[in-house]
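# turn this into a model:
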Amino acid sequence: MAGREVTNGVKNEETFFTGVIEGFYNRPWTKVQRLDLFKKLSNYDLNSYLYAPKDDAKHRSLWRDLYTDAECAELKELIQSCADNGVIFFYGISPGLDIKYSDKKEIELLHAKAKQIKDLGCEGFAILWDDIEPELSKDDSKHFKSFSEAHCIVSNGMYEELVHPKFLFCPVEYCSSRASPNVHDSEYLQTIGELLHPSINVFWTGSKVVSKNITAKECKDLRDVIKRKPIIWDNLHANDYDQQRLYLGPYLGRDKTVPLQSYLSGAMTNPNCEYTLNIPAIVTLADWANNKAWDASGMASHRKAVKEMLKETHVKSYGVDEAAVKESNKKKDSEEDLLEEDLDIIFQMFWLPHSHGPKIVKLLDDFKFCKDNAVAIVGWKEYEPGDQPDIVDVWIEKASFVNKICKEFFVACDKMTHMNNRDLLFDLNSYLNNVRVILHGCNNYLKWVGLDNCKKPIRHGPSLAGLPGGLAGDLMRLYPVQSEDQYPLKKLVTPTSNAVLILPYKYSAGKQQKELENLFEHELKTFSDFLNLSNQSFLVKQKKPHGPPVIVGMISSWSGEQIKSSDATDLCSKFFGKLFKSSGIAENYSIIVKLFIASPLCLDPDLLDGIFESLEGFDEKQGVVLVASEKNCSLVRFLRQQSFTDLKTDFLISGQELLCKNVQT
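Here you go, the predicted structure:
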């Protein structure tokens, strides 16, 4: 059976536990679903099931109460079904909310409850001390040196009372982030190593409750403390902590560079609350545990999960025989039938807690590019074919990909409504709708920019009632952290934390010139001497979550009078001196402004108008001459959209566009 051999093929008598934990905070699965699960575990060569639903009152809050005859009959059926399918049934109990560790009557009640389950044929047990307050009562403090000692002694007693069954233990400190002060120096974990019976297996979730990666090294470091290899209680696919999300991606981030049994006693998944949505979690765990040629990218596992889930969509109800399912699969194809590519896009939409599927990574990157560079696309149809800047083609290509993904996803969503497995549809439907609403809104925004040229105002949010999410959505938009890039958060988030800063700057002082040279290398060489003479300069900086603000632009100005009277001999001084002495220039324009722009953040009409009005020598009755690199197509195009026009002059400067505008309109 699964896990009873090391991945290199060397036999080992120890069971390597692989399977499913029903250990989430939500509505427990039904008997029919559990019976179906045991068959799947057997089919996928997994060997364990832990019964520990947090919302079964007699598992946790009412742990002292014995089960009724009817409840015992159902549990016995589950235990027998596991046995029939070659799966170990572990019964989990969580007495830690209110147990009196030193009270003999409490211990007797715990043993009585366990014996009741053992009499039903159960051969596996788990005692779970997770998610409780780690403090002893005054009475218990008189009998135990520490919280950990109490846990070890009570667990050992139950293990002995049941005559050494297969036994699992979940500690209070079940991940590195909860170990105090750390794994190596934790008194709690050290006590487990010293006192807990060596045959009792210990659960571990990794560095965090939901760990992105779990390495052999960190597990071996833990083993040195608790004196045994841990079993991974894997919350990678758990969604009870965030019911706006579910996880259909592959089992990833768990070390397989060394044989699994060299650092683990097993790995079990605590998956999505919705039973019907757990084919990916189960199939890909099995692939990781059993496939010697496992693909570390996860994409091979993902494709297997898609194929298995496609079969699941044909199941009318759980508990029907396999012959009926096969017969259903033989029905002739129709346009309403789900295909692998339909499930592929849905799975990639709902990947893993710390990542998205490859297509969705591209979707997000492309949408961000289009949003950030929207100013470059407005009015693009006015260009003659072949004359439009390269950024227009890039923008259209990326917007088209967003539109393509939308269409694929919407088609898949529509097909879902026709599938046989209505339980799966109802479990999945709300998640699909959440994404569909906001994805549709994002796609419509790009169409509004790229096709409609922002002509008609957008008057409402993506959902029928405006912005989606209700209270949770409003709070999320108010939450100070809006990106994973902001972590770790080390300073106060203020309204200006992500602001663009406009700072006075003197180029001739020489500060920050290297950063400017990296951004504007060739252009800066042309204007370097002229910049030393500038009347006024501003640096445009963008604040970042970590580190100092970064330069995204520089704006420098010279008054017309200053230029005319200058005797500087550099190329730019000579050029602009002649320009301002020519007919029609000095009379109509008060200043020259050179724009060095490296980010679309600077392409903001209010930002530039505010800077112009702050410039020394600016005369409201006269206009401005702007100088911009002709290679910066987005900037030039933006300025023309703001009613700047080509300066009428015979004077030309290589590589630069000369534009003008009377600011007072």
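
# contacting residues around Asp342?
Glu408, Val411, Ala412, Lys415, Met416 (C-beta atoms under 8 Å, 6 or more residues apart in numbering). In this view, the C-beta of every residue, glycine as well, is placed from N, C-alpha and C.

# turn those residues into TSV, including pLDDT.
Shown next, in TSV, are the contacts of Asp342 (pLDDT from 0 to 100):
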residue	pLDDT
Glu408	97
Val411	97
Ala412	97
Lys415	96
Met416	95
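
# from those, which would you call buried?
Taking 16 or more other C-beta atoms under 10 Å as the criterion, what is buried in the contacts of Asp342 is Glu408, Val411, Ala412, Lys415, Met416.

# among these, which lie within strands?
For those, not one is inside strands, with DSSP state E as the criterion.

# rebuild the residues you listed as a markdown table, extending it with distance to Gly510.
Output for those, formatted as a markdown table (distance: C-beta to C-beta, whole Å):
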| residue | distance to Gly510 |
| --- | --- |
| Glu408 | 54 |
| Val411 | 59 |
| Ala412 | 58 |
| Lys415 | 64 |
| Met416 | 63 |
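
# among the residues you listed, which are in helices?
Counting by DSSP state H, the part of the buried ones among the contacts of Asp342 found in helices is Glu408, Val411, Ala412, Lys415, Met416.

# nearest to His164 among those?
Met416 (48.5 Å; C-beta to C-beta).

# picking up where we left off before, which two of the contacts of Asp342 have the greatest separation?
Glu408 and Met416, at 12.9 Å, using C-beta to C-beta across the contacts of Asp342.

# ok, Ser634 touching Ile377?
No. Under the criterion of C-beta atoms under 8 Å, Ser634 makes no contact with Ile377, lying 9.4 Å away.

# which one of these two has more residues nearby?
Set Ser634 next to Ile377 and count neighbours by other C-beta atoms under 10 Å: Ile377 wins out with 25 against 21.

# between the contacts of Asp342, which is closest to Ser654?
Glu408 (47.6 Å).

# which non-adjacent residue is nearest that closest one?
Nearest residue to Glu408, sequence neighbours excluded (C-beta to C-beta, 6 or more residues apart in numbering): Ile345, at 4.9 Å.

# residue ranges with poor pLDDT in the stretch 551-665 of the chain?
Where the stretch 551-665 of the chain drops to pLDDT under 70, the residues are 620, 663-665.

# repeat the analysis, applying 80 as the threshold.
For the stretch 551-665 of the chain, applying pLDDT under 80 flags the ranges 601, 617-622, 662-665.

# where along it do the helices fall?
Remark: helices assigned in the stretch 551-665 of the chain by DSSP state H, counting those that start in this stretch are 560-565, 571-581, 605-614, 633-641.

# so which of the ones you listed is the most packed in?
Among those, helix 633-641 has the highest mean neighbour count (mean count of other C-beta atoms under 10 Å), at a mean of 20.

# tell me which strands and helices that one is in contact with?
If you count contacts as 3 or more C-beta pairs under 8 Å, 6 or more residues apart in numbering; DSSP states H and E, helix 633-641 packs onto helix 390-416, strand 623-629, strand 656-662.

# in a markdown table, list the ones you listed along with distance to Cys82.
Formatted as a markdown table, those follow (distance: least, C-beta to C-beta, whole Å):
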| stretch | distance to Cys82 |
| --- | --- |
| helix 390-416 | 32 |
| strand 623-629 | 71 |
| strand 656-662 | 75 |
